[in-house]
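Asks: coordinates only, sequence not included:
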């Protein structure tokens, strides 16, 4: 049977209402129905319309009684047209997603860059402030040291030894003979000393009492300790922290001059204040000559 | 248009063919189908599972179309080649779509990593 005859026969059968649509046409119609209800309707309307026309052509061919092979081919192509529309919608969605992610990343990096620059500026300001504070503190420390040095130098006898800065106060200025109560003039002098020590900062201080060799040695020891403790107590009353100052009595052990002359004995009767003494570690808490 | 009124022009065309010496060889369709297959190949359709399937069908249908032309079945050949072109076009579209989906997924991953890095306080790359 030739093609023309088959077409006529098919049209006749369809005209009688007995022909059934081929599966391919069902597939194309179903695919189009699904696609028209999906994202393609919004994202690929032009492609979906092309698919609709393809399905309609296949339907018309079937309706006009075209031969089954032709209808199947047209339905096959129509189904691919529907798939093309669905794929075009997928491509459009992917394009939109890609643009959205790239835009979000760009925005995030821009914010990050701004935040980083802001953070850098803040850190720079903090650094400048710290440098300024350090410079100010350094300047203040230098000024305090200069002031303390000047204050110490204004005292009668200040010298630097290996054990520390030693301030020597004459016993004649501090105490009456054989006594351990401070004279009024001594308090005035010790106020100056206390002020100088306070300006010196956190230092370890040792107050040493010394006597000449006149009289019993034990008595000299006791007197030197009492005098040292008296001086210590007064310095504490002027603000020197109790835990940074100690007192010790050395009696006649360490003369600085001969005890054979009046002048020498006068020099030996003294109180020495040793600032930051290196020998402090040797002073044991149990030492009877040492008072805290 | 009624069924019989649609069939009438088809019958007329058939009669004209009968007088004109048969259906012409679908050379243009063959060229179009082969070009569509090459375009899909260039787009890398053979690398994706779905696009590769459509490309395979397109190639097979091109070969079938050529064979039908050799046999003088020109009308069947033309339809076979149209099917081939529709499959090749679909292979190209699916390959493009799949590539773009991968690109979007990579961008999303990069974005997520950047956000995660910021949450954890590490410097961005």
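Replies: Cool, got the structure. Just so it is clear, the model here is predicted, and its values are computed rather than measured.

Asks: how about the one helix or strand residue A:27 maps to: buried residues?
Replies: Residue A:27 is part of helix A:23-36 when elements are defined by DSSP states H and E. Going by neighbour count (16 or more other CB atoms under 10 Å in any protein chain shown), the buried part of helix A:23-36 is A:24, A:25, A:28, A:29, A:31, A:32, A:35, A:36. C-beta coordinates here come from the backbone N, C-alpha and C atoms, glycine included.

Asks: Residues contacting stretch B:56-67, please?
Replies: B:26, B:29-30, B:33-34, B:36-37, B:40, B:77-78, B:80-81, B:83-85, B:87-88, B:91 (CB atoms under 8 Å, 6 or more residues apart in numbering or on different chains).

Asks: List the buried residues for it?
Replies: B:57, B:58, B:59, B:61, B:62, B:64, B:65, B:66.

Asks: picking that back up, run through the contacts of stretch B:56-67 and flag the ones next to chain A.
Replies: Checked against chain A using CB under 8 Å from any CB of the partner chain, these yield the following neighbours: B:80, B:83, B:87.

Asks: quick one: secondary structure of the last one?
Replies: Secondary structure of residue B:87, reduced to three states by DSSP: H, G, I helix; E, B strand; the rest coil: helix.

Asks: so for stretch A:175-185, what's the average pLDDT?
Replies: Summarised as a single mean, pLDDT over stretch A:175-185 is 83.

Asks: Equivalent analysis for stretch A:157-172, please.
Replies: 84.

Asks: buried set for it?
Replies: Buried residues in stretch A:157-172, counted by 16+ other CB under 10 Å: A:158, A:164, A:165, A:166, A:167, A:168, A:169, A:170, A:171.

Asks: got the contact list for the residue lying closest to residue A:194 once chain neighbours are set aside?
Replies: Computed as CB to CB, 6 or more residues apart in numbering or on different chains, the closest residue to residue A:194 that is not its neighbour in sequence is residue A:238, at 3.5 Å. Shown here is residue A:238, whose contacts under the criterion CB under 8 Å, 6+ apart are A:190, A:191, A:194, A:195, A:198.

Asks: repeat that for 10 Å
Replies: The neighbours of residue A:238, taking CB atoms under 10 Å, 6 or more residues apart in numbering or on different chains as the test, are A:187, A:190, A:191, A:192, A:193, A:194, A:195, A:197, A:198.

Asks: Quick check: phi and psi on it?
Replies: Per-residue torsions, residue A:238: phi -90, psi 10 (degrees, to the nearest 10).

Asks: quick one: it from residue B:48, how far?
Replies: 93 Å (CB to CB, to the nearest Å).

Asks: Do you have the helices of the stretch 151-292 of chain A handy? List them.
Replies: Defined through DSSP state H, counting those that start in this stretch, the helices belonging to the stretch 151-292 of chain A, from first to last, are A:171-174, A:184-200, A:217-237, A:262-268.
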